[in-house]
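Undergrad: Starting from these lines, generate the structure:
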Amino acid sequence: MDQLALLFVLLLGALVTVPLGDRLGLPPPVLMTLGGIVLALLPFVPNIDIPPEFILPLVLPPLLYASAQRTSWRQFAANRRPIFLLAVALVFVTTTAVAAVANAIVPGISLAAAVALGALVAPPDPVAATAVAGSLGLPRRLVSILEGEGLFNDVTAIVLYHVAIAAAVSGSFSLPKAVVELVFSAVVALAVGLLLGWGAKRLMDILGDATLQIGLTLLVPFVSYVLAEEFKGSGVLAVLTTALYLAEFASDADDVLGRLAGHTFWEIVDTLVTGVAFGLVGLELHNAIATASGRWGEMLGIGGVVVAVVVGVRLAWLLPAAWLAKRLHKGRDVDEEILTSWRETVIMWWSGMRGVASVALALAIPLTTNDKSPFPARDEILFIAFAVIIATLVVQGLTLPRLVKALGVRGDSDWTRELERQLAIRAAKAARHRLLEIEQEEELSEDLREMLHRRAYDVGARISPEMVDEERREAHAQRVQRLHTIQRIQADLLSAARHAVLDARSEPWMDPEVVDRVLRHLDVRSLRGM
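TA: Okay, the predicted model is just below:
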């Protein structure tokens, strides 16, 4: 099996593990990691051969962009305290603790290389955490904190990682210079991210077509990352800034097809890239076995100590941090999402799984330093990183559902339904207000006005039936039933039409482009309900 065939196997595995995970009740990232481990044990599967400098630019931008699409500036602003405590402070603390331990027990490792190891194992993976936690029915505030932590701890850890790698490669380190570089990196990243987001928004308006716009969004995260790195900025922070800008300002409420197509496209990209990345995690077993050959006891002991430090530091930090966040939480901070009990704190602790970012950073470690000597303890760092990823991702990922059940942590479904009801009322009011404006502008017959008022009311009632009283709810249910019958019959009519058009495609005198154009018209009619 060559490298290209291995890539296609991983892509296929990324698709297969989604329904398999649903059937087995296991998170797809965990299954992909286990699949990668199985592949690594097969003698005909080759070692991973990806140049280190290509790992981060290829893997991180699409994953970060897809994750950022699920959040907003407001969420970050509201949760700035818990995000700072978890994503910034905890990353520094974990990096420091791991670096101190590694520098003491790993043979041949330099202090800078130990800091690089600490930085690459410090950030919990946002993809793994949300993929696992999001399917367990946890409170929305807990999932939001995990998502916010996952995005910003990557930014913090990767900036620390780059500083440490630069010091290890050059052999010199200056704290004032490092601080200046950190600040400069953040400023450049924000500038690049905002500028590219603004430019991408203008270009989307010019392109117009949904297909071209979606194609542009695929290029944007890579361009943002590479451009920021070229100017010595943080590529990760630039991608995050660009994604949040576009999510905030590039959304057209009336672009229904573009939004649906874009959401589907990024779901596909997220699934495939995530699957490949976690498959690579498992395939790293090759390198781990080669590194530990002849000294399994020593390497397993070192890996176990670092795993204990990573997991223990997170718990030791979260307990006082959660208490402090509650003490600082004021009554007016209604939007801030904090951990409300020790049970949620324990779930937050056990959700700290390492994954894509850690393996990408580990694989991206240079092979040599500036003087052409081998990078200090590179093989040992890869083994330790693999041990941390497997221990946290597989063990915690497989046991988290049982822990959630045992602690009795449940989602805030009442709050979600109430929020849906409020949005339904707002949607219905907007529809009725617009209808009143139309009545001022146009002459409408009495029966048409009555039907339109009923449909304006149904806009909200179909989102949240709880917004109406019992009598109106029953009448609405009857109308919905009638509408479903109409839609079912219309779907059958359009299906018959599509079959007829597709049959015509095989006729020798028929132009396939005309057939496809007519078929697209029927497909759009189907989406819009005839």
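
Undergrad: So which elements touch the strand or helix carrying Arg426?
TA: Counting by DSSP states H and E, the element that carries Arg426 is helix 413-441. Judged by 3 or more Cβ pairs under 8 Å, 6 or more residues apart in numbering; DSSP states H and E, helix 413-441 is in contact with helix 446-463. C-beta: built from backbone N, CA, C; applies to glycine.

Undergrad: I'd like to know how many residues surround Pro512.
TA: Pro512 has 10 neighbouring residues, counting by other Cβ atoms under 10 Å.

Undergrad: How about it: what's its closest non-neighbour residue?
TA: Using Cβ to Cβ, 6 or more residues apart in numbering and skipping residues adjacent in sequence, the residue nearest Pro512 is Arg505, 6.0 Å away.

Undergrad: you'd agree that neighbour is up against Val514?
TA: No: applying Cβ atoms under 8 Å, one finds Arg505 not in contact with Val514, separated by 9.5 Å.

Undergrad: Kindly export the helix or strand hosting Phe54 (C-alpha atoms) in CSV.
TA: For Phe54, the host element (DSSP H and E) is helix 52-68. Provided in CSV are the C-alpha atoms of helix 52-68 (Å, rounded to 0.1, in the frame of the first residue of the first chain):
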residue,chain,number,x,y,z
PRO,A,52,6.6,18.4,8.7
GLU,A,53,6.3,21.9,7.3
PHE,A,54,3.1,20.9,5.4
ILE,A,55,1.2,19.4,8.4
LEU,A,56,-0.1,22.5,10.1
PRO,A,57,-1.1,24.5,6.9
LEU,A,58,-3.0,21.5,5.5
VAL,A,59,-4.8,20.2,8.6
LEU,A,60,-5.6,23.1,10.9
PRO,A,61,-7.1,25.8,8.7
PRO,A,62,-10.2,23.9,7.5
LEU,A,63,-10.9,22.4,11.0
LEU,A,64,-10.6,25.8,12.7
TYR,A,65,-12.7,27.5,10.1
ALA,A,66,-15.5,24.9,10.4
SER,A,67,-15.4,25.0,14.2
ALA,A,68,-15.5,28.9,14.2
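
Undergrad: Next one: the residue nearest to Leu64 when sequence neighbours are not counted from Ala68, what distance?
TA: Closest residue to Leu64 in three dimensions, ignoring its sequence neighbours and counting by Cβ to Cβ, 6+ apart: Val239, at 4.7 Å. Between Val239 and Ala68 the distance is 8 Å, computed by Cβ to Cβ, to the nearest Å.

Undergrad: When those two are compared, which one has more neighbours?
TA: Val239 (32 against 23).

Undergrad: re earlier: for Tyr245, see how far away the residue nearest to Leu64 is.
TA: Val239 is 11 Å from Tyr245, by Cβ to Cβ.

Undergrad: ok, now Pro176?
TA: The gap separating Pro176 from Tyr245 is 32 Å, by Cβ to Cβ.

Undergrad: repeat for Gly197
TA: Distance from Gly197 to Tyr245, by Cβ to Cβ: 3 Å.

Undergrad: if we can go back for a sec, going by neighbour count, which residues in the helix holding Arg426 are buried?
TA: Neighbour counts over helix 413-441 (16 or more other Cβ atoms under 10 Å) mark Arg421, Ala424, Ile425, Ala427, Ala428, Ala431, Arg432, Leu435 as buried.

Undergrad: and Leu407, what does it touch?
TA: Neighbouring residues of Leu407 by Cβ atoms under 8 Å, 6 or more residues apart in numbering: Arg343, Val346, Ile347.

Undergrad: and which of the buried residues of helix 413-441 is nearest Gly408?
TA: Arg421 (26.2 Å; Cβ to Cβ).

Undergrad: okay, that closest one: pLDDT?
TA: According to the predicted model, the pLDDT of Arg421 comes to 70.

Undergrad: and what of Gly13?
TA: 86.

Undergrad: Quick one: neighbours of it, just the number.
TA: Neighbours of Gly13 under the rule other Cβ under 10 Å: 22.

Undergrad: domain assignment for this protein?
TA: 3-370+381-411, 484-530 (automatic domain parsing).

Undergrad: how far does the last one sit from the chain's center?
TA: Taking Cα atoms, centre = their mean, to the nearest Å, one finds domain 484-530 lying 36 Å from the centre of the chain it belongs to.

Undergrad: Average pLDDT for it, rounded please.
TA: The average of the pLDDT scores along domain 484-530 is 75.

Undergrad: does Ile347 sit in a helix or strand, and which one?
TA: helix 342-350.

Undergrad: Residues contacting that helix, please?
TA: For helix 342-350, contacts defined as Cβ under 8 Å, 6+ apart pick out 133, 138-139, 142, 145-146, 314-315, 318-319, 322, 339, 396, 399-400, 403-404, 407-409.

Undergrad: Would you mind putting the CA coordinates of it into CSV?
TA: Included here for helix 342-350 are C-alpha records, laid out as CSV according to Å, rounded to 0.1, in the frame of the first residue of the first chain:
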residue,chain,number,x,y,z
TRP,A,342,-18.9,20.3,40.8
ARG,A,343,-20.4,17.7,38.5
GLU,A,344,-20.1,20.0,35.5
THR,A,345,-16.5,20.7,36.5
VAL,A,346,-15.7,17.0,36.6
ILE,A,347,-17.3,16.6,33.1
MET,A,348,-15.3,19.6,31.9
TRP,A,349,-12.1,18.0,33.3
TRP,A,350,-12.7,14.6,31.7
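
Undergrad: For that helix, list every residue counted as buried.
TA: Glu344, Thr345, Val346, Ile347, Met348, Trp349, Trp350.

Undergrad: cool, and stretch 5-24?
TA: Residues of stretch 5-24 classed as buried: Leu6, Val9, Leu10, Leu11, Gly13, Ala14, Thr17, Gly21 (neighbour count, 16+ other Cβ under 10 Å).

Undergrad: Isn't the first one up against Pro46?
TA: Yes: in this structure, Leu6 is within contact of Pro46 by Cβ under 8 Å, at 6.4 Å.
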